[in-house]
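Participant: attaching a predicted model along with its sequence, questions to come.
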Amino acid sequence: MSLFHRDTREEADFRKEVREWLEVNVPEETRHELDVTNPEVSREWHHKLWKRGWIAPHWPREYGGMGGAVEQQVILMEELARVGGPYVQPSGLNFLGFAIMEFGTEEQKKELLPRILSGETTWCQGYSEPQAGSDLASLRTRAVLDGDEWVVNGQKIWSSGAPHCDRMFALVRTDPDPAVKHAGISMLLIDLKTPNLTVTPITTLTGHVHFSIVSFDSVRVPKSSMLGEVNKGWKIANHVLTYERISGSSPKHDLISMDVLRRLATKTGRINDEAFKERLGKAGIDVIAHIAMHRWAIERVKAQKSLGFSTSVMKIAGSDALHGVTDLLLDAAGSDAASEEKPMDNDQQLDALGLFLLSRRSTIWGGAAEIQKNIIAERILGFPRSWR
Amino acid sequence: MMNALTEFDVGDEERLVRDSVSRMMQDTRKPIVVNGEITAPGRHAASYMNELEALGISELVVTDGGIDVPTVRRVAIICEEAGAHLFLGPTVESLVVPFITASGLLPEFKVISADGLAIPAFGSSLINPFSNVQVVRESNSLHIVGKITRVPFGPMASSYVIAGQIGNSPCLLLISANAKGLIIRKEDMADGTQRAVINLDGCSVPVSSLIAEGASAQKALQLISDLLMLGVSAQLAGIAARVLQLGCEHISTRTQFGRPLAAFQALQHRAANDFTAVEISRAFLYQMCDYWDEERNRRPLLHALLAKTAQTAIDTAKSSIQMHGAMGFTAEHELGWNLKAAVALSTRYGDIAGHRRLFAEFDIAYW
């Protein structure tokens, strides 16, 4: 049972099984982490879920999943959020895997998909560049075919998890002079241990090593490492981004932050302040409304209907709701908000500032909020391309 | 409904209900000029009621299946269309009788209330209205003492559903507007509707006016209150959708600096924010209908829904007025009436801040 969903008997049994297993198997010290603080813990956890058969309920059975069982995926997501399960690098499982299934060669499917599933190979996304962020199609990293290899030169940046990953799916320019700039882009699958490739970690404002700069100085990549056709990478990139926006608009972080907010407000006594209570209600209501839309989207996916550009609506609503909650966390913490001595509740640290800082990324990653608004304006409301 | 909005209707039957209501209400948005003055749409609520009756709105709601999800969804559709068409009559209020009849909770109710419009007169707070009115039973009559303030559409009703107490036991009464000793004071609202203060001191009615006592009275009150909150939320969602449409249409056609206003990113983003809020509010509305049977969460979620749709309607109307510039600030334009209606509806049964606080007090079960 969750809001706006009644479990079937099978789903209820699955939820019970998952809940019981997680209670036993999620180590206390790794609970409630919302980012990679320890990549080894993350890998071990991935492996453990895989061994249990629960790492990819949404993957088709032929590729080792649970048969595209969307509801099982949601139950797992909800139960993991409830117990505060460790972070799992999502790029391979949630984004690239599906792109390989759709656009990959049989060899790529055979070689790459099982390793994504087992966690043997972890993947990061190589999209943004120092001069190509929201304007992704302006990317400049070049790949030139030389015999049986692509020679890559350029830089990628803001690749989530790159310092801890094995490989990168990168967008590169293979046609330097296309008719439109979205053309002439291809998707390359690159081993991050390749000679002349340098990974320079970037520490985020939360203190985690999450991003990196990845520099390519005539890096040689086998010709067979291209995903899909040459110069057709933009389509794959969008395919991946759609999955990222669905996954990125999941209410998981909202609910975790809401739980901490209630506990902190109770502990600090702010919950008894009528004005605070009103704001708490507003924050909770925005989360609930977002859950309602997300739940509608899940039902659409289950019915194999397109979500269209609703993913942009959900992404904006989700990140706004999260910001509402984490803004209020600072109020709940009051004059102790910036203290490094965090209050504890049942052995869990109630880190208001940490969650507040972490939530800044929600309006940036997976296509900034402003880009989502452009999409809504142009693609849903039919407005002319804006004068920028 | 604006085409760009997600269609949450399920099946042809729901679409038919929406189309029928929409067609019937198509003229209600037009400003009416009386003696050279533009009059508030709500002032014509009584005449619209006849049209509603002619359409057979009650029949759209009542089914043999009692209060099931399709019934609740039809209530939402009717009320949403009423909001979108600036139909300011007692829409959800007029559905109380068929709804409560279909619930089977009050078997005698249908017979008693068949004549005219029976309005729930609980006042603006739906939280424990029983204490406003004391009832003393004396042989064949009931003697009543109490006053109920802020009764929406009070002046146009032929009878009232009133919550009271016999001793400490809650009860529901159905009292004629012509009951001996009942005094009504009219109050004009900004949207043109009227509400009433009903003074019952010294009022005497037959014992047959008592329609429920004890637990059944509480249960019926709960259901009626929940219905009112859902219906008003749907009306607010309809207003939000309408003002969004007006804003988007205006900036698509109005040209400044040699290009449509909709080509400017600042306005595009304003519209995108509004669109997002309206989509989310409507998704919430229809999910709420689909999970109406989950009584564990129903009341807190209704507080949440009403607060959300009210805020969205008011914010989107404000935004649309801004997009229209001075045109949006005129009495001729329907936008101002939509804003006034949004404010009136959002304060009809409680207010936004109160609903938020009430929601916060529930430790809602997310899973």
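Facilitator: Good, I have the coordinates.

Participant: can you give me the domain boundaries for the chain?
Facilitator: Unless you meant another one, I'm taking chain A. A:9-88, A:123-230, A:249-380 (automatic domain parsing).

Participant: that was the other one, I meant chain B.
Facilitator: B:11-112, B:118-214, B:218-361.

Participant: worst average pLDDT in these?
Facilitator: With a mean of 79, domain B:11-112 has the lowest mean pLDDT of these.

Participant: quick check, it touching chain A?
Facilitator: No - judged by C-beta under 8 Å from any C-beta of the partner chain, domain B:11-112 stays clear of chain A, getting no closer than 11.6 Å. C-beta here means a position set from N, CA and C on the backbone, and glycine is covered the same way.

Participant: from the chain's centroid, how far away is that domain?
Facilitator: Its chain's average C-alpha position is 10 Å from that of domain B:11-112, according to C-alpha atoms, centre = their mean, to the nearest Å.

Participant: would you turn the domains of chain B into a markdown table with mean neighbour count?
Facilitator: Below are those laid out as a markdown table (neighbours: other C-beta atoms under 10 Å in any protein chain shown):
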| stretch | mean neighbour count |
| --- | --- |
| domain B:11-112 | 18 |
| domain B:118-214 | 19 |
| domain B:218-361 | 22 |
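
Participant: adding distance to A:Q73 as columns, could you present these in TSV?
Facilitator: Putting those into TSV (distance: least, C-beta to C-beta, whole Å) gives the following:
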stretch	distance to A:Q73
domain B:11-112	26
domain B:118-214	39
domain B:218-361	19
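
Participant: now the residue in chain B that chain A sits nearest to: closest residue in space, sequence neighbours ignored.
Facilitator: Residue of chain B nearest chain A, by C-beta to the nearest C-beta: B:R356 (3.1 Å). Spatial nearest neighbour of B:R356, excluding adjacent residues (C-beta to C-beta, 6 or more residues apart in numbering or on different chains): A:G281 at 3.1 Å.

Participant: residues in contact with the residue in the stretch 251-388 of chain A that chain B sits nearest to?
Facilitator: Minimum separation of the stretch 251-388 of chain A from chain B (C-beta to the nearest C-beta) falls at A:G281, amounting to 3.1 Å. In this structure, A:G281 makes contact with B:303-304, B:307, B:355-360, judged by C-beta atoms under 8 Å, 6 or more residues apart in numbering or on different chains.

Participant: tell me which two in those are the farthest apart.
Facilitator: Farthest apart among those by C-beta to C-beta are B:A304 and B:R357. That separation is 11.5 Å.

Participant: wait, what's in contact with residue 252?
Facilitator: Just going to use chain A. Contacts of A:K252 (C-beta under 8 Å, 6+ apart): A:77-78, A:80-81.

Participant: should've been chain B
Facilitator: Here B:S252 is in contact with A:382-383, B:260-262 (C-beta under 8 Å, 6+ apart).

Participant: now render the residues you listed as a markdown table, adding secondary structure and distance to A:I316.
Facilitator: Listed next are those as a markdown table, based on DSSP: H, G, I helix; E, B strand; the rest coil; distance: C-beta to C-beta, whole Å:
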| residue | secondary structure | distance to A:I316 |
| --- | --- | --- |
| A:G382 | coil | 18 |
| A:F383 | coil | 16 |
| B:P260 | strand | 23 |
| B:L261 | helix | 21 |
| B:A262 | helix | 19 |
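
Participant: list the contacts of stretch A:217-235.
Facilitator: By C-beta under 8 Å, 6+ apart, stretch A:217-235 touches A:99-100, A:103-105, A:107-108, A:137, A:143, A:145-146, A:148-153, A:169, A:171-172, A:174-175, A:178, A:182-191, A:194-198, A:236.

Participant: dump the domains of chain A into JSON lines; add mean pLDDT as well.
Facilitator: Shown next, in JSON lines, are those (pLDDT from 0 to 100):
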{"stretch": "domain A:9-88", "mean pLDDT": "84"}
{"stretch": "domain A:123-230", "mean pLDDT": "93"}
{"stretch": "domain A:249-380", "mean pLDDT": "92"}
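
Participant: quick one: the ones you listed as JSON lines, columns for distance to B:C289 too.
Facilitator: JSON lines is the format used below for the domains of chain A (distance: least, C-beta to C-beta, whole Å):
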{"stretch": "domain A:9-88", "distance to B:C289": "21"}
{"stretch": "domain A:123-230", "distance to B:C289": "38"}
{"stretch": "domain A:249-380", "distance to B:C289": "11"}
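
Participant: contacts for stretch A:362-380, please.
Facilitator: Everything outside stretch A:362-380 that qualifies as a contact, by C-beta under 8 Å, 6+ apart, is A:133-134, A:160, A:241, A:244-245, A:248, A:253, A:308-309, A:312-313, A:315-316, A:318-320, A:322-323, A:383-386, B:4, B:262, B:265, B:268-269, B:271-273, B:275-276.

Participant: of those, keep whichever come out buried.
Facilitator: A:133, A:160, A:241, A:244-245, A:248, A:253, A:309, A:312-313, A:315-316, A:318-320, A:322-323, A:383, A:386, B:4, B:262, B:265, B:268-269, B:271-273, B:275-276 (16 or more other C-beta atoms under 10 Å in any protein chain shown).

Participant: go through those and flag which are in helices.
Facilitator: Cross-referencing the buried ones among the contacts of stretch A:362-380 against helices under DSSP state H gives A:241, A:244-245, A:248, A:253, A:312-313, A:315-316, A:318-320, A:322-323, B:265, B:268-269, B:271-273, B:275-276.

Participant: for the residue lying closest to A:P201 once chain neighbours are set aside, what are its contacts?
Facilitator: Excluding the flanking residues, the one nearest A:P201 by C-beta to C-beta, 6+ apart is A:P163, at 4.2 Å. Remark: with contacts taken as C-beta under 8 Å, 6+ apart, A:P163 is in contact with A:39, A:199, A:201, A:209-212.

Participant: measure A:P163 to B:F264 for me?
Facilitator: 41 Å (C-beta to C-beta, to the nearest Å).
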